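Colleague: quick one, fold the following:
(2 chains)
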Protein chains: 2
Amino acid sequence: MENKYEKMWQDIGLDVPLHKELLESINKSFNATVGAQQNRPLGMKYFDQVLHESHGGRVAELIENKARGNKTVGTFCIYVPDEIVMAVDFIPMPLCGGTNFSVPYAEKTFPRDICPLVKSTLGLAFSKTCPYAPIKSMAVGETTCDAKKKTWEILAKKVNFHVMEVPQKKNDLDKKIWREEVEEFKNKIEALAERKVTPEKLRQNIKIMNDKRRALQKLGELRKHDPPPISGLDALVVMQGALNDEPVRFTQNLNKLNQELEERITQGISPFAKGVKRIMISGTPSVMGNWKVHSLIEKSGATIVVDESCTGTRYYENLVTENDNNIDKQLDALAERYMKINCSCFTPNDDRITDAVNKVEQFKVNGVVHYILQYCHTYNVETLKLDAEFKKKNIPSLKIVTDYSEEDIGQLRTRIDAFLERLE
Amino acid sequence: MENKYEKMWQDIGLDVPLHKELLESINKSFNATVGAQQNRPLGMKYFDQVLHESHGGRVAELIENKARGNKTVGTFCIYVPDEIVMAVDFIPMPLCGGTNFSVPYAEKTFPRDICPLVKSTLGLAFSKTCPYAPIKSMAVGETTCDAKKKTWEILAKKVNFHVMEVPQKKNDLDKKIWREEVEEFKNKIEALAERKVTPEKLRQNIKIMNDKRRALQKLGELRKHDPPPISGLDALVVMQGALNDEPVRFTQNLNKLNQELEERITQGISPFAKGVKRIMISGTPSVMGNWKVHSLIEKSGATIVVDESCTGTRYYENLVTENDNNIDKQLDALAERYMKINCSCFTPNDDRITDAVNKVEQFKVNGVVHYILQYCHTYNVETLKLDAEFKKKNIPSLKIVTDYSEEDIGQLRTRIDAFLERLE
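Modeller: Model prediction:
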């Protein structure tokens, strides 16, 4: 049966047969994890669809936007301020890959021992199965880790690439560098758009992004309930959608879902029984296509109530000041808000430690799972500092270092089961 | 037989029996590599002795210096300006470990998949076999890679630790950050010393360090001869000594060695025959204890004529302006000189690419060996960019990613032999 988007994929130059294999691989993984859950909120239908349309309807929207003279800007990190891209009617599109399918295509030229997220992303582009790669007019990298920082240099030879310097400390001069990077980014976007970022448009889009963050914060709050009205895996699917979907539509649908979740709380409906063991995921992101560890934990009978990650609280915490109507002040406000993201690239990163310990209390967490993508040195080593604090508060933790493959699933299940048995 | 330093080791709290095992392991490795060479310059006796005394006589000197009210400052990177430490009569001491012996002691608590240099260093400290660890009054880290950057945070809990922010780009604001870091470092050293860094003392020590660099540059020049009067492995031993020895004495002895090498050139004496295949090592450092790849290459019949690494040209290239007599100008000069080091932490790092290609021509190199310590993402990925340039000039290259173990020696030998056969 021919997919209705097949012509579109052909037109943008994808390897259509290989792309079909990719989608089948992702669907298989989706059905075995997200799709295998019981008692899901009805509102999740929309977010499942966001996933399923990420290579179809969403791509068509980007092409339509392009026909209107607008552009798509690919990103790889939540440090890139979407608001600026949106203020010229461009679409920011996170390009991080969460599928093992594409990893071998990256390993043909790139080192094997860099993180699966980078390899998956590169592999999609190299194998002509990423529908965004041929559409985007610019890609924006940053300096949050060694592997990505050096990868951009290789990609910059083939693609219109801009790199934002995220500094390594949070001193005054570092903040000044970041503020300058935000302004330079605005200048780059203006040059690409051949029009100015106006304070009005920027204000509108700061509001749009804040609304999205507020809806995600609300979802976060609802997960505090015992039992939570939604699985951690479904909350992750929502978050993955947040990184791909049109933001106004996304927020409307998330507000609807949140309403349903409130009703479920009133009616005592949950995929879990009261008293279910509550887990915090802490560490690296789980982007679209990657449901492995969330699914394993919840299949083992616990639930994830909060994600202290870039596909979790780090994405939606902290709003941008909304009332400014002057471009300099707005850029100040953007720089300030984004600089609050406690990425492990910073040294020291003590606010993350304090924040993680607070979250354990706020979400009544029974245990923490450090989720570390293989070869991610910063999050990996930082678990030692987190664990020192967790230990003081008698909070058990388990460190999982893994990639996107399924080879270690049996071993992980055993380790997760043993960890959950230890929890009080 | 009791070692004459046994009491000293006991006094500073080393695990003396384990430390004895460590020395035996290093000596075994030394004898199988450096010691197994033929036709070495007589002047190498001094540098062999620097190695052999690094846990003995040199430690005794540090203890004597301490008794005079002075201190030792441990460092892990050639970005730390030794001149400032020396200007208050303190001794800067690089602490990087090059031995596999200590790696398991680090892996007890640290992730396995970080680079062997970091693990070896930590393992020495953790197992009480590093004689400098208990003597040093402060350790100075930097932010040149993810693994080290996050490791300092863990060590800072136990040790008086200072971290210098090496920025990620080389823009004006980055240079300003680095200049500020150099000044802050001076302030830290002054606070520790309870005395000021005077322009006179700084000028003297800038001269001392420049003299050392000039002697190393001269050695570098002598290696341009065909055949070179000294093996690449011996030149590495000299470099490793440069990081450990008292600088004035070191320079005197290196100047003597250089004289001998000039005579060897006149007399046609070399460990190699004319026309020997000439190799450039490019990439990560080979610190004391690590002779593995250099030895393998030269045992296979080629010679290393230049090291484009932190235990090579990056250490001794570029002098500090000597004539300033004003502390601000001197700090400017220091910041400027150190910022020229083309560490792969920078993005982009194009000067390194240009420099490496130039070196191939200047040193009449037949082939490049990318020497990459395992899990060093920045140097690993940067080989792609170097190779793109080498390819344009028909310069063959071989990438070796390895750790300090001996497990891959057979495989490496096969790969090196095959590579050397390809060279014209």
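
Colleague: show me the biggest helix of chain A in terms of residues.
Modeller: The residue-count maximum for a helix in chain A (DSSP state H) belongs to helix A:199-222.

Colleague: for the next helix-or-strand element following that helix, packing partners?
Modeller: Next along the chain after helix A:199-222, taking DSSP states H and E as the criterion, comes helix A:232-242. Counting contacts by 3 or more CB pairs under 8 Å, 6 or more residues apart in numbering or on different chains; DSSP states H and E, helix A:232-242 is packed against helix A:44-52, helix A:199-222, helix A:247-267, helix A:292-299, strand A:303-308, helix A:313-316. Yep, even glycine has a C-beta here, placed from its N, CA and C like the rest.

Colleague: what about helix A:232-242, average pLDDT?
Modeller: Across helix A:232-242, pLDDT averages out at 98.

Colleague: one more: stretch A:167-185?
Modeller: Per-residue scores along stretch A:167-185 average to 97.

Colleague: near chain B, anything from it?
Modeller: Yes: counting by CB under 8 Å from any CB of the partner chain, chain B is contacted by stretch A:167-185 at A:167-169, A:171, A:173-174, A:176-177, A:180.

Colleague: neighbouring contacts of that stretch?
Modeller: With CB atoms under 8 Å, 6 or more residues apart in numbering or on different chains as the test, stretch A:167-185 has contacts from A:80-81, A:84, A:140, A:162, A:164-166, A:331-332, A:334-335, A:338-339, A:345-347, B:143, B:149, B:165-168, B:173-174, B:176-177, B:180.

Colleague: in helices only, show me those residues.
Modeller: Short answer: the contacts of stretch A:167-185 in helices (DSSP H) are A:84, A:331-332, A:334-335, A:338-339, B:149, B:173-174, B:176-177, B:180.

Colleague: one step back: could I get the residues of stretch A:167-185 next to chain B as a markdown table with neighbour count?
Modeller: Below are the residues of stretch A:167-185 next to chain B laid out as a markdown table (neighbours: other CB atoms under 10 Å in any protein chain shown):
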| residue | neighbour count |
| --- | --- |
| A:P167 | 25 |
| A:Q168 | 25 |
| A:K169 | 20 |
| A:N171 | 15 |
| A:L173 | 19 |
| A:D174 | 20 |
| A:K176 | 15 |
| A:I177 | 25 |
| A:E180 | 16 |
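
Colleague: need the pLDDT of A:L373.
Modeller: pLDDT, A:L373: 98.

Colleague: dig out what it forms beta bridges with.
Modeller: On the basis of DSSP bridges, A:L373 is bridged to A:T402.

Colleague: that one contacts A:L117, correct?
Modeller: Yes: with contact defined as CB atoms under 8 Å, A:L373 and A:L117 form a contacting pair (5.7 Å).

Colleague: and those two? which has more neighbours close in?
Modeller: Using other CB atoms under 10 Å in any protein chain shown as the criterion, A:L373 and A:L117 rank with A:L117 on top: 27 against 23.

Colleague: now that one: which helix or strand?
Modeller: helix A:116-126.

Colleague: does chain B sit close to that helix?
Modeller: No: using CB under 8 Å from any CB, we find that helix A:116-126 stays clear of chain B, coming within 9.3 Å at best.

Colleague: before we move on, what about stretch A:408-420?
Modeller: No: Stretch A:408-420 does not reach chain B (CB under 8 Å from any CB); its nearest approach is 14.3 Å.

Colleague: quick one: contacts of stretch A:325-332?
Modeller: A:179, A:182-183, A:186, A:197-200, A:202-203, A:206, A:321, A:324.

Colleague: in that stretch, what's buried?
Modeller: Neighbour-count burial for stretch A:325-332, with 16 or more other CB atoms under 10 Å in any protein chain shown as criterion, is recorded at A:327, A:330-332.

Colleague: repeat for stretch A:401-413
Modeller: Within stretch A:401-413, the residues that qualify as buried are A:401-404, A:412, counting by 16+ other CB under 10 Å.

Colleague: what sits against the nearest residue to A:T109 once chain neighbours are set aside?
Modeller: Among residues not flanking A:T109 along the chain, B:L384 sits closest, at 7.0 Å (CB to CB, 6 or more residues apart in numbering or on different chains). With contact taken as CB under 8 Å, 6+ apart, B:L384 is in contact with A:109-110, A:154.

Colleague: and the buried ones among those residues, selectable in ChimeraX?
Modeller: Typed into ChimeraX, the line below selects the buried ones among the contacts of B:L384, using 16+ other CB under 10 Å:
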select /A:110,154
